[in-house]
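Peer 1: next input, structure requested:
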Amino acid sequence: MAKKQRQKGSTFGKWIRGILFGLLVVVSLVLIFNGPITNWLVKSYRPTITRSDVKKNEQTKGSYDFRSVNSLDLKTAAQARMNHKIKAIGLVAIPAIKLNLQIVNGVSDADLALA
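Peer 2: Numbers count the residues shown, from 1 in each chain. Predicted structure coming up:
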């Protein structure tokens with residue numbers, strides 16, 4: 001009976017160690033590839049902008065306080081991508097180099113992360 005209890009405990013310990021090792025690997029990969037993940041989040045964002053969105057965003061007043069802008073990190077890019085609250089007032093398109101650059105109203109962290 002005592003042998004069976006030891007085997008259960010050791011199996012449970014191996015299972016917990018496996019989960020902890022997996023979490024450690026995932027966290028370390030996110031930390032190692034922080035820059036490329038952030039760049040991918042920003043580059044892959046392509047919202048659709050309608051004329052009504054532009055007219056609505058032109059009516060709002062944007063903040064142009066450059067001192068309040070922080071550097072871009074993974075958290076800021078992910079939050080901006082999830083919220084989708086970019087105040088686009090126009091678009092510059094250069095088809096020859098496949099560039100579509102949004103013009104935004106203001107310099108908030110989210111606007112600069114996605115524009």
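Peer 1: quick one: the longest helix along the chain to chain centroid distance?
Peer 2: Taking DSSP state H as the criterion, the chain has its longest helix at helix 2-32. Once both centres are worked out by CA atoms, centre = their mean, to the nearest Å, helix 2-32 turns out to sit 30 Å from its chain's centre.
Peer 1: go on, stretch 40-56?
Peer 2: 15 Å.
Peer 1: okay, how far is it across it, tip to tip?
Peer 2: 29 Å (CA to CA, to the nearest Å).
Peer 1: gap between the residue nearest in space to the middle of the chain and G106?
Peer 2: Against the mean C-alpha coordinate of the chain, by CA atoms, centre = their mean, the closest residue is A78 at 1.9 Å. Applying CB to CB, to the nearest Å, the value for A78 to G106 is 20 Å. (Glycine included, C-beta is placed from N, CA and C.)
Peer 1: neighbouring contacts of the lowest-mean-pLDDT helix or strand in the chain?
Peer 2: Every helix and strand in the chain was compared by mean pLDDT, DSSP states H and E; the lowest is helix 109-114, with a mean of 76. For helix 109-114, contacts defined as CB atoms under 8 Å, 6 or more residues apart in numbering pick out 42, 45, 47, 62, 69-70, 72, 76-77, 79-81, 83, 85-87, 102, 104-105.
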